[in-house]
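K.L.:
generate a structure from the sequence data that follows.
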Amino acid sequence: MDGTLPFDWGLFALFLGASLAAGLTGWMFKPGDWYEGLVKPDWRPKNWMFPVAWTTIYVLSSLAATRVAGQPGNAFAMGFWALQIALNTLWTPTFFGARRMGMSVLVMLALCFAVLGMLWTFWGLDGLAFVLILPYAAWLCLAAPLNWRVWRDNLAGGAGV
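P.N.:
Okay, here's the model as predicted:
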């Protein structure tokens, strides 16, 4: 035996289920005409890229969390995973549902810190889990400035403080 824990598919399904619930907010609160009418930077990804990126992030994050969940001393890592999925779930209804772009910037900032915490704690428990979270961190390096820019560029019209 090499000392690694067996992969728990049931636990993976639970993490993926939580991620699916977060992702369903995108179905419940669609961008629509309001979002299309906002000023957006030229460097914004194409609309089709968002569901592809988030599906990939949710699957990789669930795999990483499954690997870490079986490790001793994982309390903070699991706490950061729970915090990031809660904030991730909150962002879409804040931005698209309530149209509170300024508040969504705060949610995004908290999400970035939660993912950094997740990276830090996963690194100490499982190197592969850390690597699986890197695409999430990379996407947030694009999503967070995009969120701020859309908010900033649309303040003059009184859009979503």
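
K.L.:
what ranges of this structure fall below the confidence cut-off?
P.N.:
Along the chain, segments meeting pLDDT under 70 span 1-5, 157-161.

K.L.:
at 80 instead, please
P.N.:
For the chain, the stretches with pLDDT under 80 are 1-6, 156-161.

K.L.:
from G37, how far off is the residue nearest to the spatial centre of it?
P.N.:
The centroid of the chain falls nearest to N88 when counting by C-alpha atoms, centre = their mean (4.7 Å). Distance of N88 to G37, computed by C-beta to C-beta, to the nearest Å: 25 Å. The C-beta positions use only the backbone N, C-alpha and C, and glycine is treated the same way.

K.L.:
circling back: host element of the residue nearest to the centre of the chain?
P.N.:
helix 75-92 (DSSP states H and E).

K.L.:
rewinding a little: ok, the residue nearest to the centre of the chain touching A22?
P.N.:
Yes. Contact criterion C-beta atoms under 8 Å: N88 and A22 qualify, at 4.7 Å.

K.L.:
nice, that's everything, thank you.
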